[in-house]
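J.: need a 3D model of the following:
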Amino acid sequence: MRIWSCIAAGWLMFALPSVNNAAPPSKEGNSTTAAKQNGVFDPNTLERNQAVRWMEETFGQKIFGVSLWQFILAFLAIVIGVFIRRILQNYVEAKLAKWFEKTKATWDDLLFDAIRKPLNAFIMVGAIHIAISVLVFRIEGIPHGFVGKSYTVGLGIIIIWAIYRLVDVMAHYLDDLLARGDTELKGQFTPLATRAMRIFIVIVGGLTVLATIGVNVNGLVGGLAVGGLAISMAASDTVANFIGTFNILTDRPYKVGDWISVGSEIDGTVEEIGFRSTRVRTFDKTQITVPNGTINKSNVKNWSRMPKRRVKMTIGVTYNTKPNEMRTLLERIEKMLREDKDVDQEYMLVQFTDFGPSSLDIFLYYFTKSTVWKEYLDVRQRINLQIMDLLEEMDLEFAFPTQTLHLADSEDDIPAKVKAAEK
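T.: Numbering: from 1, shown residues only. As a prediction, the model looks like this:
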């Protein structure tokens, strides 16, 4: 136990080397020293560290050119990293998860889930970096600056990953914030905002990491700007789709879940509004991707915004129907519509309109309160069956297309026009 305690103490002294053992650099050498000290550990400082010298004397046996104490400290770094990660997973995360489950808000659960994995990765990357730095700091020919830059890149990727995952939390919060003012906005902008923020984070984060390790990103940014301008000028359809997306978001002709018709070919429910296109699920369960530029130029029917749904039909009764019977039939049909709780009472028409070729035509025009297709069809079916009951009760009949054929008994009964036509 005493040996392991000495090794652990040496590891701590190694990780936090004493500055007093190093000679103070001159002002002229400050920039050179800072340039060489790219990693977490400065080889020159560590070589003068008393703890390192003691460990070299005690555990200096070489294995593949690396001292035994370096392998031990590298192993301890990994073990300590795993131990800290286990503590976070088994104790801290478990207690936080139980605490977040008791709250009514959902954003805190999303926040906890977003930072949990990046935090664990951060701990292990730090432990691995310390282990590698311990193993290679005395090996000649190893670019220590590369080790430090590798750690910077890994750390930058983890930070980008964490912020990338936090986008869902921010999008969820903004979605709830917008829904407070207008419940119809719930879930409308979340996919679009999430994609925009993620693209921005990846681009800006990548450029930041490159700039941190010394890459000149000015030319890269300028090239991206010129390339973006050239692409936007060449891809006019893409620009039109982005303009269409902006108009859809500002004018809000429809939202996710609405039943819309665009032209004569597109008829279905909106599933997603994206940067470039809108996805519509048709009633035969196929998915149609419609460019927003096309929708911007077309007439859009939003059936979901109907306050009520129209029924327009004509029924015909036979010419045997007497005037009094027709008046009674019209009155009873209108009374039936007035008494139906699912029929809108604001406006309706029951009118005897035409003497058809084979029927006396009655025009029906009314609205159902429900716009749901199944409920609308149920009301219409019930009304039609009640009209059939009325006609049966009044001994009236529905008319259907008929023709009357008159047969002549002799040639004298044939009209003169028919005879002239035959000649």
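J.: which residue packs closest to M348, ignoring adjacent ones?
T.: Distance criterion CB to CB, 6 or more residues apart in numbering; nearest residue to M348, sequence neighbours excluded, is Y366 at 4.0 Å. Any C-beta I mention is one placed from the backbone N, CA and C, and that applies to glycine too.
J.: count the neighbours of the one you found for me.
T.: Y366: 24 surrounding residues under other CB atoms under 10 Å.
J.: and it, which helix or strand is it part of?
T.: strand 360-368 (DSSP states H and E).
J.: what's the angle between the next helix or strand after that strand and strand 360-368?
T.: Downstream of strand 360-368, the first helix or strand assigned by DSSP H and E is helix 373-393. Comparing the axes of helix 373-393 and strand 360-368 via axes from the mean of the first three to the mean of the last three CA atoms, to 10 degrees yields an angle of 150 degrees.
J.: which other helices and strands contact helix 373-393?
T.: strand 309-317, helix 323-339, strand 360-368 (3 or more CB pairs under 8 Å, 6 or more residues apart in numbering; DSSP states H and E).
J.: as JSON lines, those with distance to R198 and mean pLDDT would be great.
T.: Shown next, in JSON lines, are the helices and strands packed on helix 373-393 (distance: least, CB to CB, whole Å; pLDDT from 0 to 100):
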{"stretch": "strand 309-317", "distance to R198": "41", "mean pLDDT": "94"}
{"stretch": "helix 323-339", "distance to R198": "55", "mean pLDDT": "95"}
{"stretch": "strand 360-368", "distance to R198": "44", "mean pLDDT": "96"}
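J.: mind listing what's buried in stretch 315-323?
T.: By 16 or more other CB atoms under 10 Å, the buried positions in stretch 315-323 come out as I315, G316, V317, T321.
J.: looking at it, the third one is touching S359, isn't it?
T.: When you say that, I think you mean V317. Yes. Counting by CB atoms under 8 Å, S359 is a contact partner of V317 at 6.4 Å.
J.: need the overlap of contacts for those two.
T.: F398, A399 (CB atoms under 8 Å, 6 or more residues apart in numbering).
J.: tell me the strands beside the strand holding Y366, with direction?
T.: According to DSSP bridges, strand 360-368 has the following sheet partners: strand 309-317 (antiparallel), strand 343-355 (antiparallel).
J.: which one of the ones you listed has the most crowded surroundings?
T.: strand 309-317 (a mean of 16; mean count of other CB atoms under 10 Å).
J.: re the thing from before, just want the angle from the strand holding Y366 to helix 323-339.
T.: Using the same axes, to 10 degrees, strand 360-368 lies at 10 degrees relative to helix 323-339.
J.: give me the buried stretch members for stretch 208-222, please.
T.: V209, V217.
J.: next: stretch 382-391.
T.: Buried residues in stretch 382-391 (16+ other CB under 10 Å): I383, I387, L391.
J.: with just CA atoms, put that stretch into CSV.
T.: What follows is stretch 382-391, C-alpha atoms only, in CSV (Å, rounded to 0.1, in the frame of the first residue of the first chain):
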residue,chain,number,x,y,z
ARG,A,382,-78.4,9.8,-41.6
ILE,A,383,-80.1,12.6,-43.5
ASN,A,384,-80.4,10.6,-46.7
LEU,A,385,-81.9,7.7,-44.9
GLN,A,386,-84.5,10.0,-43.2
ILE,A,387,-85.4,11.4,-46.6
MET,A,388,-86.0,7.9,-47.9
ASP,A,389,-88.2,7.2,-44.8
LEU,A,390,-90.2,10.4,-45.6
LEU,A,391,-90.9,9.4,-49.2
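J.: identify the residues contacting T402.
T.: With the criterion set at CB under 8 Å, 6+ apart, T402 makes contact with S358.
J.: what about 10 Å?
T.: T318, Y319, P357, S358, S359 (CB atoms under 10 Å, 6 or more residues apart in numbering).
J.: pLDDT at it, what is it?
T.: On the pLDDT scale, T402 is placed at 74.
J.: helix or strand: which one has it?
T.: With DSSP H and E as criterion, T402 is part of no helix or strand.
J.: select the longest helix from this protein.
T.: If you go by DSSP state H, the chain has its longest helix at helix 144-181.
J.: show me what it is packed up against.
T.: helix 30-36, helix 107-136, helix 190-212 (3 or more CB pairs under 10 Å, 6 or more residues apart in numbering; DSSP states H and E).
J.: that older thread, would you mind listing the two of the contacts of T402 that lie farthest apart?
T.: T318 and P357 (12.4 Å; CB to CB).
J.: mutual contacts of the two, please.
T.: Joint contacts of T318 and P357 (CB under 10 Å, 6+ apart) are A399, T402.
J.: for stretch 394-401, measure first residue to last.
T.: 21 Å (CA to CA, to the nearest Å).
J.: show me which residues of that stretch are buried.
T.: L396, A399.
J.: check stretch 332-342 too.
T.: For stretch 332-342, using 16+ other CB under 10 Å, the buried residues are R332, I333, E334, M336, L337, D340.
J.: closest one to F400 among the strands paired with strand 360-368?
T.: By CB to CB (comparing all of these), the closest turns out to be strand 309-317, at 7.8 Å.
J.: in stretch 291-310, what counts as buried?
T.: Buried residues in stretch 291-310 (16+ other CB under 10 Å): P291, N292, G293, T294, I295, N296, V300, K301, R309.
J.: need the pLDDT of the second one.
T.: At N292, the pLDDT value in this model is 85.
J.: ok, the residue nearest to M348 to M124 distance?
T.: 70 Å (CB to CB, to the nearest Å).
J.: need the nearest residue in space to D361, chain neighbours excluded.
T.: Counting by CB to CB, 6+ apart, the residue nearest D361 is D354, at 4.1 Å.
J.: doesn't A399 make contact with that neighbour?
T.: No. At 11.7 Å, D354 does not count as touching A399 under the criterion of CB atoms under 10 Å.
J.: joint contacts of these two?
T.: The contact lists of D354 and A399 share G316, L360, D361, where a contact means CB under 10 Å, 6+ apart.
J.: contacting residues for the second one?
T.: It refers to L360. Counted by CB under 10 Å, 6+ apart, L360 has contacts 315-321, 326, 329, 352-354, 396, 399.
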